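**Student:** Generate coordinates for the sequence data below:
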Amino acid sequence: YRGQPMGFQYQMLQELANHLDVELEVRVSNDLEQNFRELAEGHVDLIAMNLTVTGDRKSRVAFTEPLLQTRQVLVQRKPKNWEVMNGKQLESQMIRNQLDLSGKTVYVQAGSVYADRLRSLSNEIGGDIRIREVQVESEQLVQRVATGEIDFAICDENVGLVNTTYFPQLDAGTAVSFPQHVAWAVHPGADSLKSVIDRWLISFRTSSRYALLYDKYFHDHHSASRINSEYYVLSSGKISGYDEIMKQECERIGWDWRLLASMIFQESRFNPEAESWAGAFGLMQLMPGTARNYGITKESPASDHISAGVNFIKWLDDRFMDVIDDPEERIKFILASYNIGYGHIEDARRLADKYGANPDVWLGSVEEWLMKKSDPVYYTDQVVKYGYARGIETFHYVREVIERYEHYKNIVNSDVIASWKPLEEIHSGSSR
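**Tutor:** Below you'll find the model as predicted:
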């Protein structure tokens, strides 16, 4: 998140490393078979991922005490106009009975327990569930359901519920398995290591720290900033109480202040006390390190927060100015960098250039390569310096800031007139 390593598994590992007073060395891999081989050959000590405990896997690895409990769930899209339906109407159009999966095509990650479960379920119901195993992570399959590329996928319940906060059109409420344990895996002969981890997990699972981490990643919805019905009533012609400050600050960077307003709304809903699950705070949701660079604390006045955010925007603008001449195109790169980090955007530009796309165009080019940074094929590419990135959030972030900006332009006059391409051009040519 904005250049800082995060994730439930990562932070659990960090807690364990702190407890053992050892340095954590992480190798990022989502190839389960490769991970099992690396563990068997002694190249790694531990596999830490959403690894469901099964009988077959117990024959290959030793599982620790469980980290959490989950179920396998069906991920499906809600019907059109679901927002205006009542609960009963919506439920009537969702698959809730597993028998209704007969004849349906369901996508799962190849080699996963999801495929095994679906085969068993298909046999149990005497139906024909069309199972498509693909070399794509379950979380990416969930995203493909959201975009309409596929209709159904299977994932763990905790993963599904988190993704429904990013994609409110998704439903992950239909279980296809009994509750299952998720645990770490160690070498079958690593009895001492397993014993140490088990003792720590048994204690840590009952701590408030564990509860906070679990809530942070599986219950907190603040990370899902989406356009919805929470627009301010703009009959006064004002967007917020910070309009005059934004107008003044935008003179320094040549932005329409309504674009900055849309960005701030996306970041904090104009709440100066806002603090994200990742530690970003204030109107501009500056990460602690960035805030320190600009002399900002949580107690700094709102005007200073906005000024610091604009200073950071100017810094980003200076980075891109020499390579992206078009100021309108450059704004998209600035928004994306503000959201996910300048380094990840530079990675995406390098990937685009390497594979024959235009590294200076956001729509349909760099944005696509940013999303590929969630795929190990690409985030391990030699030109990539900053590793894994969840690009789908930034993909939506840029669009949503611009879309809200278009709304603001329609209802709020501006003292600063900035040219901007029509919203239709932002969406044209997109496969999503």
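**Student:** Does Val28 touch Gly387 like I think?
**Tutor:** Yes: between Val28 and Gly387 there is a contact under CB atoms under 8 Å: 6.3 Å. Yep, even glycine has a C-beta here, placed from its N, CA and C like the rest.
**Student:** list residues touching both of those two?
**Tutor:** Common contacts of Val28 and Gly387 (CB atoms under 8 Å, 6 or more residues apart in numbering): Tyr379.
**Student:** Which of the two has more residues huddled nearby?
**Tutor:** More neighbours surround Gly387 than the other of Val28 and Gly387, with 15 against 11 (other CB atoms under 10 Å).
**Student:** Local confidence estimate at the more buried one?
**Tutor:** Note for Gly387: predicted pLDDT of 94.
**Student:** where does it land in three-state SS?
**Tutor:** Under DSSP: H, G, I helix; E, B strand; the rest coil, Gly387 falls in the coil class.
**Student:** again, but for Val182
**Tutor:** Val182 - assigned by three-state DSSP - is strand.
**Student:** Relative to Ala48, how far out is it?
**Tutor:** For Val182, the distance to Ala48 equals 10 Å [CB to CB, to the nearest Å].
**Student:** same question, Tyr379
**Tutor:** Tyr379 is 18 Å from Ala48, by CB to CB.
**Student:** try Ala40
**Tutor:** Counting by CB to CB, the gap from Ala40 to Ala48 is 16 Å.
**Student:** my read is Ser177 is in a strand, agree?
**Tutor:** No: counting by three-state DSSP, Ser177 is not found in a strand; it is coil.
**Student:** So what does Thr52 have for phi and psi?
**Tutor:** With angles defined as degrees, to the nearest 10, Thr52 sits at phi -80, psi 140.
**Student:** Just grab the bridge partners of it for me.
**Tutor:** Here Thr52 sits in beta bridges with Val182, going by DSSP bridges.
**Student:** so who does it touch?
**Tutor:** Here Thr52 is in contact with Thr70, Val113, Asp156, Gln180, His181, Val182 (criterion: CB under 8 Å, 6+ apart).
**Student:** Same question for Leu101.
**Tutor:** Applying CB under 8 Å, 6+ apart, the residues near Leu101 are Leu74, Ile95, Leu121, Ser122, Ile125, Gly127, Ile129, Phe152, Val176.
**Student:** Once you drop chain neighbours, what's closest to the last one?
**Tutor:** By that I understand Val176. Gln72 (5.1 Å; CB to CB, 6 or more residues apart in numbering).
**Student:** Look up how far Leu286 lies from Val366.
**Tutor:** 24 Å.
**Student:** So for these two, which residue has more residues nearby?
**Tutor:** Shown here are Val366 and Leu286; by other CB under 10 Å, Val366 has more neighbours (29 against 23).
**Student:** nearest residue to Val106 other than its sequence neighbours?
**Tutor:** Once flanking residues are discounted, Val106 sits nearest to Phe152: 4.4 Å by CB to CB, 6+ apart.
**Student:** Could you check how many residues crowd around the one you found?
**Tutor:** Counted with other CB under 10 Å, Phe152 comes out at 21.
**Student:** pretty sure it is in contact with Val142, am I right?
**Tutor:** No: between Phe152 and Val142 there is no contact under CB under 8 Å: 10.4 Å.
**Student:** Give me the common contacts of these two.
**Tutor:** Common neighbours of Phe152 and Val142 (CB under 8 Å, 6+ apart) are Val75.
**Student:** show me where this protein has strands.
**Tutor:** Along the chain, counting by DSSP state E, strands occupy 47-52, 62-63, 68-70, 72-77, 105-109, 130-134, 152-156, 170-175, 180-186.
**Student:** In CSV: those strands, plus mean pLDDT and distance to Asp317.
**Tutor:** Shown next, in CSV, are the strands of the chain (pLDDT from 0 to 100; distance: least, CB to CB, whole Å):
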stretch, mean pLDDT, distance to Asp317
strand 47-52, 89, 38
strand 62-63, 98, 50
strand 68-70, 91, 43
strand 72-77, 96, 38
strand 105-109, 93, 40
strand 130-134, 92, 40
strand 152-156, 95, 39
strand 170-175, 94, 35
strand 180-186, 95, 44
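**Student:** which residues touch Lys216?
**Tutor:** By CB under 8 Å, 6+ apart, the contact set of Lys216 is Phe8, Trp277.
**Student:** Could you rerun that using 7 Å?
**Tutor:** Neighbouring residues of Lys216 by CB atoms under 7 Å, 6 or more residues apart in numbering: Trp277.
**Student:** Kindly state the pLDDT recorded for it?
**Tutor:** Model confidence at Lys216, given as pLDDT, is 81.
**Student:** Over to Gly111?
**Tutor:** pLDDT, Gly111: 79.
**Student:** Go ahead and confirm it touches Asn35.
**Tutor:** No: between Gly111 and Asn35 there is no contact under CB atoms under 7 Å: 10.9 Å.
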